[in-house]
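S.K.: Compute the structure for the input listed below.
(2 chains)
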Amino acid sequence: MNMKETWKKSGSILMTFLVAFLLLGFVSIVKPGYGSAANIKVLSISIAVLGLTALGQTLPILTGGMDLSIPWMFCIGGYLCAALTGGDNGKLLYAVPVVLFVGLLMGAFNGFGIAYVGIAPVIMTMASNIIFQGLLVGITEGTPGGSIPSGIKALASGGSGFVGWLFLFWLAVSVVAWLLLAKTSYGRKIYAVGNSETCALYSGIRVKLLKLSAYALCGMMAALAGMLYSGKVSQLYLGMGDTYQMASVSAVAIGGVSLVGGSGSYIGTMAGCFVIIILEGLLAAMNFSQGVQKIIYGIVLFLAVMISSRRKGAGNE
Amino acid sequence: MKKRKDFKSFLSDQWVALVPYVMLLLIITLMGILNPNTLSLSYLANKCDSSFSLILVALGQTFVLLTGGFDLSVGGVICITNCLAAAHMQDQPGSILFWSILCILIGVGIGCFNGYVIEKTKLQPFIVTLATQSVCMGAALMILKVDGGAVPLSYITAMLTRFGPIPLSAVLLLLLILLWLYFKQTKIGMNIYAIGSSKKSANLNGIPVLKTMVTAYALSGAFAALSGLFRTAAVASGSPTAGGDFVMTSISAAVIGGTALTGGVGGMFGTIIGAFVLRYISDLLVFMQVSSYWSSLVQGVLLILAVALSAYGTVRRKRKEGIGS
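M.R.: Reported below is the predicted structural model:
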């Protein structure tokens, strides 16, 4: 019984991984050269950047909320690192902790509004996204300076063979995140809050603080991802995080994490990241027009979420 | 004597419902002080015209929010209808009528699909409508690759008609309010509120959940299509991407107006006021000479303040009624 349930649970995640690799196999056959080591390495790095934002996004979604402010926390992470270091590797020593801390603070701001004031997560994070945008653009008067240190560039764009270093870094962070969610009491509490806030409250969980921490961690991951992304593309631009707003939510949803909260696994989110990046790569490689790309993206997103949530639907009946 | 007491208890219970109205009044007063021209009839008429697209899409969004859902696809519907109208409409009454009706039907169709799929598959509205939005925006890009298109002049003049100082949009707005007052009393209107309050109880009480959900999403699609049609006239061009801005603003307008994202609470009046508040705030920032670098920060802060007030009110109301913790 238990065995069967575990299989059922991981079955849909395996399916999602399978979909991703089928897509990759398909495009490698249709487009010779797409499966080259250099190209796969680039894909793996993109997966890692999305993976870091989706890791953050998983936490608020598990508590039953959502974080739409990832784009500008992402941007601020990138710009802050560039401004603090000015391209100097030595200064990374204190710049990285500062970036992570600022991310944590921005996330905590979201968490405070949601948990303590009682604002709906979608609205709160949407508004704070605008606020963070205003802060960055306002303080820098629209022309942020600084340059990206070579250490970040090397980590974020380098690699060997098929994998980028960043991908390995993401895997390492993911192991920590998975352990945190699946094996610690903190993780259990996150799921408990997502399942029923009232029950969690009566079980002695400090619901508000827990929610705040989930958003804070999400902010930290977004800032970290932004810093690394700037190294990946070796440049900074306003709005560089915009695509990660919906992509991170989609990755989590494709991975079978319920958007109502309380159920789903981080491994699923990882599978979702594979599907999204490989799909985007496929659509770009096939030279479809932008319109067709968006249509196919929408259809695949819908189908993928259908497949991954079938287990849950069957369980509810 | 009794009446006065009623009024007092009304104030203490329902003051939250008045927040958006007070907010709008404050903003208009402030703008009137900063620049008396903004109180003139012609300015108000222009404001009504420029806010009307947002009002329409936010009204549609309200129906869906009332059921406890979300409709992100409104942005896609606006893009499609905007592009269709700008790309194909000819300067003949027949053509204008044909394309307008076709656009509305497309909106209704997309809405029906959303509602049906969400209710049948039990998937989250957020993700389903996100997928349909992507498809719609893709379709819009196939109709019109870049901003542009030719909008027939007679269509623009018809949509922006003035009856003396009163714009057509104000007349339509009044008509919509009357329709809403009727709709609220109808069975389907009440069912929407009931489902938003508790889907389970609604289902147990024999309310046709599927039909009501499909209706709510179809209304949202139809209003988004109307919004796209009106936008075509207001900006006299088509854009395959501009609709995206309306998704979050439409939800904000409804929420500022007191509609709860959890469903079952809110209504049309608040949403209309909320839409005006949003549109006036951006004007206010211009008149207050806030540097454009900072304007998005101020907008975000105001949005949070407005929502925090109504969130505080909801918590209070719940406590009074004994719902919640």
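
S.K.: gap between the two ends of stretch B:155-170?
M.R.: Counting by C-alpha to C-alpha, to the nearest Å, you get 17 Å between the two ends of stretch B:155-170.

S.K.: now do stretch A:149-167
M.R.: Using C-alpha to C-alpha, the two ends of stretch A:149-167 sit 19 Å apart.

S.K.: what's the distance between the spatially most central residue of chain B and A:L105?
M.R.: With distances taken as C-alpha atoms, centre = their mean, B:A58 lies nearest the centre of chain B, 0.7 Å away. Plainly put, B:A58 is 33 Å away from A:L105 if you go by C-beta to C-beta, to the nearest Å. In this view, the C-beta of every residue, glycine as well, is placed from N, C-alpha and C.

S.K.: Same question for A:L168.
M.R.: 28 Å.

S.K.: Repeat that for A:A200.
M.R.: A:A200 is 25 Å from A:L105, by C-beta to C-beta.

S.K.: So the two - more neighbours on which side?
M.R.: A:A200 (22 against 14; other C-beta atoms under 10 Å in any protein chain shown).

S.K.: residues contacting the closest residue to chain A within the stretch 201-325 of chain B?
M.R.: Residue nearest to chain A within the stretch 201-325 of chain B (C-beta to the nearest C-beta): B:L297, separated by 2.4 Å. When contacts are counted by C-beta atoms under 8 Å, 6 or more residues apart in numbering or on different chains, B:L297 touches A:I130, A:I131, A:Q133, A:G134, A:L135, A:V137, A:G138.

S.K.: quick one: average pLDDT of the helix or strand that contains the last one?
M.R.: Mapping A:G138 onto the secondary structure by DSSP states H and E places it in helix A:121-140. With pLDDT averaged residue by residue, helix A:121-140 scores 90.

S.K.: chain center to it: distance?
M.R.: 18 Å (C-alpha atoms, centre = their mean, to the nearest Å).

S.K.: Over to stretch B:75-85?
M.R.: Worked out by C-alpha atoms, centre = their mean, stretch B:75-85 lies 16 Å from the chain centre.

S.K.: Repeat that for stretch B:261-280.
M.R.: Relative to where its chain is centred, stretch B:261-280 has its mean C-alpha point 7 Å off (C-alpha atoms, centre = their mean).

S.K.: Pull out the buried positions in it.
M.R.: Buried residues in stretch B:261-280, counted by 16 or more other C-beta atoms under 10 Å in any protein chain shown: B:261, B:263-280.

S.K.: residue ranges for the strands of chain A, please.
M.R.: Per DSSP state E, chain A carries strands over the ranges A:159-160, A:163-164.

S.K.: taking the mean pLDDT, what do you get for the helix or strand harbouring B:T81?
M.R.: Assigned by DSSP H and E, B:T81 belongs to helix B:74-88. When pLDDT is averaged over helix B:74-88, the result is 93.

S.K.: so what secondary structure elements neighbour it?
M.R.: Under the contact definition 3 or more C-beta pairs under 8 Å, 6 or more residues apart in numbering or on different chains; DSSP states H and E, helix B:74-88 sits against helix B:41-66, helix B:93-121, helix B:125-143, helix B:209-235, helix B:244-256.

S.K.: Can the host helix or strand of B:I281 be said to contact chain A?
M.R.: Assigned by DSSP H and E, B:I281 falls within helix B:268-287. No - in terms of C-beta under 8 Å from any C-beta of the partner chain, no part of helix B:268-287 sits within range of chain A; the closest distance is 10.9 Å.

S.K.: quick one: A:L52 and A:M227 touch, right?
M.R.: No - contact criterion C-beta atoms under 8 Å: A:L52 and A:M227 do not qualify, at 9.8 Å.

S.K.: which residue does the stretch 51-200 of chain A bring closest to chain B?
M.R.: A:G134 (2.4 Å).

S.K.: now the helix holding B:I281: how far from the chain's centre is it?
M.R.: 12 Å.

S.K.: what residues does that helix touch?
M.R.: B:17, B:20-21, B:23-24, B:27-28, B:30-31, B:34-35, B:38, B:47, B:50-51, B:54-55, B:58-59, B:61-62, B:173, B:176-177, B:180, B:249, B:252-259, B:295, B:298-299, B:302, B:306.

S.K.: tell me the contacts of the residue nearest to the centre of chain B?
M.R.: B:A58 neighbours (C-beta under 8 Å, 6+ apart): B:T249, B:S250, B:I251, B:A253, B:A254, B:G257, B:T271, B:I272, B:G274, B:A275.

S.K.: The fourth one is in contact with B:L54, isn't it?
M.R.: Yes - because the distance of 6.3 Å satisfies C-beta under 8 Å, B:A253 is recorded as touching B:L54.

S.K.: So for B:F7, what's the pLDDT?
M.R.: pLDDT, B:F7: 66.

S.K.: make that B:V315, sorry
M.R.: For B:V315, pLDDT reads 62.

S.K.: In chain B, where is pLDDT below threshold?
M.R.: B:1-14, B:310-311, B:313-325 (pLDDT under 70).

S.K.: What's the local residue count around the closest residue to B:S296 other than its chain neighbours?
M.R.: Excluding the flanking residues, the one nearest B:S296 by C-beta to C-beta, 6 or more residues apart in numbering or on different chains is A:G134, at 4.0 Å. Using other C-beta under 10 Å, A:G134 has 20 other residues around it.

S.K.: and what of B:S250?
M.R.: 35.

S.K.: got it, and A:E280?
M.R.: 17.

S.K.: I'd assumed A:Y297 was in contact with it.
M.R.: Yes - at 7.5 Å, A:E280 counts as touching A:Y297 under the criterion of C-beta under 8 Å.

S.K.: A:C218: what's it in contact with?
M.R.: With C-beta under 8 Å, 6+ apart, A:C218 has these contacts: A:G56, A:Q57, A:L59, A:P60, A:D67, A:I70, A:G107, A:N110.

S.K.: Which of those residues fall in helices?
M.R.: When DSSP state H defines the helices, the subset of the contacts of A:C218 inside them is A:G56, A:Q57, A:L59, A:P60, A:I70, A:G107, A:N110.

S.K.: So what does the closest residue in space to the fourth one that isn't next to it in sequence have for phi and psi?
M.R.: It stands for A:P60. Spatially, and ignoring its direct neighbours in sequence, A:P60 is nearest to A:D67 (4.6 Å; C-beta to C-beta, 6+ apart). Main-chain torsions, A:D67, degrees, to the nearest 10: phi -120, psi 110.

S.K.: Report the contact partners of residue 226.
M.R.: This is for chain A. Contacts of A:G226 (C-beta under 8 Å, 6+ apart): A:M73, A:F74, A:C75, A:I76, A:G77, A:G78, A:M240, A:G241.

S.K.: The intended chain is chain B.
M.R.: So B:L226 contacts B:L56, B:I104, B:G107 (C-beta under 8 Å, 6+ apart).
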